[in-house]
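Peer 1: what's the 3D shape of this:
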Amino acid sequence: MLAQARTVMVSVFTVILMAQGAMAEDRGPVTNLPMPRFVSMKASEGNVRRGPSLTHRIDWVYKHRNMPLEVTGEFGHWRRVRDREGAGGWVHYSLLSGVRTVIVAQDDVVLHGRPDTRTTPVAQLEPGVVARLGECNDDWCRLSAGGYRGWARKEMLWGVKPDEIRE
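Peer 2: Modelled structure (predicted):
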């Protein structure tokens with residue numbers, strides 16, 4: 001009976017440790033910020049490298065300021081990122097910003113005055129437009145782009161998680 005109790009205690013302890021490990025994996029080892037997470041390009045140009053150092057080869061260069069990127073890894077001053085197409089690599093953290101932006105991922109996204117399709121359209125955004133991200137509820141996000149402000153359906157955007165709520 002005592003051996004069974006010890007086995008159960010060890011099993012419960014193992015489950016607790018595994019749960020804590022799973023939670024730790026959801027945070028960056030350097031910044032302790034959520035992983036993955038979205039950021040944007042602070043610079044108008046940034047080298048994307050094969051590995052996390054200046055000695056690694058440059059695979060390509062991002063050339064769009066404010067472009068949203070998803071951080072998927074951290075190592076020292078380097079962040080592994082990926083863009084909307086899934087291409088990525090390592091970028092120095094100084095080239096990134098916590099300012100949130102999104103890319104219009106669908107054809108002709110309509111901005112509404114309120115998060116409701118029955119409201120008057122404010123503007124229409126074409127695919128590829130980069131917009132600043134404001135608050136988000138379950139289905140809608142407030143955006144600003146090209147001097148316009150309004151609400152767009154969340155599923156039409158890249159750079160915000162489907163379950164993400166922002167105030």
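Peer 1: low-scoring stretches of the chain, by residue?
Peer 2: Counting by pLDDT under 70, the chain has low-confidence residues at 1-25.
Peer 1: Helices of this protein, start to end?
Peer 2: Shown for the chain, the helices assigned by DSSP state H span residues 2-25.
Peer 1: Need the residue closest to the centroid of it.
Peer 2: Computing the C-alpha centroid of the chain and ranking residues by C-alpha atoms, centre = their mean puts Phe38 first, at 2.1 Å.
Peer 1: Next, the contact list for the closest residue in space to Arg84 that isn't next to it in sequence, please.
Peer 2: Using C-beta to C-beta, 6 or more residues apart in numbering and skipping residues adjacent in sequence, the residue nearest Arg84 is Trp158, 4.6 Å away. Placement of C-beta: from N, CA and C, glycine included. Counting by C-beta atoms under 8 Å, 6 or more residues apart in numbering, Trp158 touches 68, 84, 102-103, 105.
Peer 1: For Val30, give me its contacts.
Peer 2: Contact analysis of Val30 by C-beta under 8 Å, 6+ apart lists 74-76.
Peer 1: go with 10 Å
Peer 2: By C-beta atoms under 10 Å, 6 or more residues apart in numbering, the contact set of Val30 is 73-79, 93.
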